[in-house]
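Novice: this one's structure only:
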């Protein structure tokens with residue numbers, strides 16, 4: 001398992017523009033190391049309210065975690081298929097249950113709740129996540145992976 005984790009870390013770092021030596025500097029967990037982790041501000045799903053206060057600028061090869069908080073005011077989902085294909089999702093945690101998906105297109109809150117998503121940014125570019133069917137700027141978050 002350690003060899004596989006190191007190989008994945010080196011591959012992702014090189015794809016993100018880093019060297020294999022940098023991949024090894026994170027320690028045994030590679031890119032999943034605590035030294036390589038950053039927390040992002042939460043996304044709030046609430047009827048008619050902005051989902052985020054600012055765009056995200058991410059660095060390829062960095063591990064990020066963020067929460068999505070749904071207040072139950074309305075059944076709301078969040079879509080971002082291009083963004084979800086530009087990252088590697090480590091896990092999604094819902095009520096203490098860890099989900100390790102192969103991919104993701106969207107998430108939906110039918111009632112109040114929260115989830116946390118941990119991922120590694122991979123493919124540089126401009127992306128977004130938004131509430132489907134909306135056109136307002138406050139109902140989407142712009143994401144750049146550098």
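Specialist: Yes, it's here. Since this is a predicted model, take the numbers as computed values, not measurements.
Novice: The closest residue in space to residue 88 that isn't next to it in sequence is in what secondary structure piece?
Specialist: Closest residue to residue 88 apart from its sequence neighbours, by C-beta to C-beta, 6 or more residues apart in numbering: residue 120 at 4.7 Å. (Each C-beta comes from the backbone N, C-alpha and C, glycine too.) Per DSSP states H and E: residue 120 is located in strand 113-121.
Novice: any idea how far residue 69 is from residue 110?
Specialist: 14 Å (C-beta to C-beta, to the nearest Å).
Novice: should've said residue 114
Specialist: Where residue 69 is concerned, residue 114 sits at a distance of 5 Å (C-beta to C-beta).
Novice: can you check residue 108 too?
Specialist: Per C-beta to C-beta, residue 108 is found 14 Å from residue 69.
Novice: Mind checking which of those two has more residues around it?
Specialist: residue 69 (16 against 12; other C-beta atoms under 10 Å).
Novice: Point me to the helix or strand that includes the more buried one.
Specialist: Assigned by DSSP H and E, residue 69 falls in strand 63-70.
Novice: quick one: strands adjacent to that strand?
Specialist: strand 37-39 (parallel), strand 43-45 (parallel), strand 113-121 (antiparallel) (DSSP bridges).
Novice: for those strands, which one sits closest to residue 143?
Specialist: strand 113-121 (8.8 Å; C-beta to C-beta).
Novice: ok, then the element right after that closest one?
Specialist: strand 125-130.
Novice: report the angle between the axes of the strand or helix carrying residue 88 and strand 63-70?
Specialist: Residue 88 belongs to strand 87-94 when elements are defined using DSSP H and E. For strand 87-94 against strand 63-70, the angle by axes from the mean of the first three to the mean of the last three C-alpha atoms, to 10 degrees is 50 degrees.
Novice: What are the buried residues along strand 87-94?
Specialist: The neighbour-count check on strand 87-94 (16 or more other C-beta atoms under 10 Å) flags 87, 88, 89, 90, 92 as buried.
Novice: so for it, what's the average pLDDT?
Specialist: What strand 87-94 shows for mean pLDDT is 96.
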